[in-house]
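Visitor: structure of the sequence below:
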Amino acid sequence: VKQIPTGASNLNSCFSGAVNLQRVTAYGLTFGSMGMKNLFYNCGNLTEIIGMETWNTDAVVDMGSVFSGCKSLSSLNLSSFRTDNCSSFFQMFYGCKSLLSLDVKHFNASGVVNLQNVFNGCELLSSIDLSGWTTPKAIVMNGLFSGCSSLAEIKGLDGFVTSQVTLFNSMFANCSRLEA
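Guide: Now for the predicted structure:
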């Protein structure tokens with residue numbers, strides 16, 4: 001894909017299942033409230049997304065499975081992502097097994113209810129900084145870091161509020177490098 005039109009605002013499932021997609025160029029996108037869910041879901045051969053640093057995500061409510069199954073992505077520039085209105089990060093990076101690093105410390109998770117499987121299967125992540133995250137509305141955290149077999153450090157867990165959380169199962173399953 002050479003260029004997504006800048007006027008597009010609802011790209012829900014736009015590339016979902018596009019298994020041959022390798023590269024996307026998209027500058028200046030402004031997403032509506034429901035415009036990102038499943039955007040690149042199961043784009044297993046996607047290696048590069050150019051222009052993400054110019055995206056406006058201010059209105060997005062659901063970022064569920066945006067990059068889920070993107071097993072060939074090694075990096076993402078999420079510097080412009082604003083998550084103040086988000087209530088779901090469900091499986092946002094699920095199965096992104098080639099991601100080497102991920103800068104999400106600036107994400108606002110204070111309104112997020114669903115954190116299920118957000119980083120599940122990010123096998124090559126060795127550390128993650130969540131120091132900017134607070135989670136007072138979170139109800140679901142099961143599988144949050146499950147399958148992150150290289151993960152040795154999580155910064156900022158002390159900011160997590162878990163008083164509303166009802167599901168923690170498998171939160172750290174197969175995180176063999178993590179130490180208490």
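Visitor: shouldn't residue 91 be in contact with residue 63?
Guide: No. Taking Cβ atoms under 8 Å as the contact criterion, residue 91 and residue 63 are not neighbours in contact, 9.7 Å apart. For every residue, glycine as well, the C-beta is placed using N, CA and C.
Visitor: and residue 84, backbone torsions?
Guide: The phi and psi torsions at residue 84 (degrees, to the nearest 10) take the values phi -60, psi -30.
Visitor: so who does it touch?
Guide: For residue 84, the residues meeting the contact criterion (Cβ atoms under 8 Å, 6 or more residues apart in numbering) are 58, 108, 111.
Visitor: what does the pLDDT read for the last one?
Guide: This means residue 111. On the pLDDT scale, residue 111 is placed at 97.
Visitor: how many residues are close by it?
Guide: 17 (other Cβ atoms under 10 Å).
Visitor: my guess is it contacts residue 82. True?
Guide: No. Under the criterion of Cβ under 8 Å, residue 111 lies out of contact with residue 82, with a separation of 11.9 Å.
Visitor: who's in contact with the nearest residue to residue 137 once chain neighbours are set aside?
Guide: Leaving aside its sequence neighbours, residue 137 sits nearest to residue 113 (Cβ to Cβ, 6 or more residues apart in numbering; 5.3 Å). Shown in contact with residue 113 (Cβ under 8 Å, 6+ apart): 87, 88, 137, 138, 139, 140.
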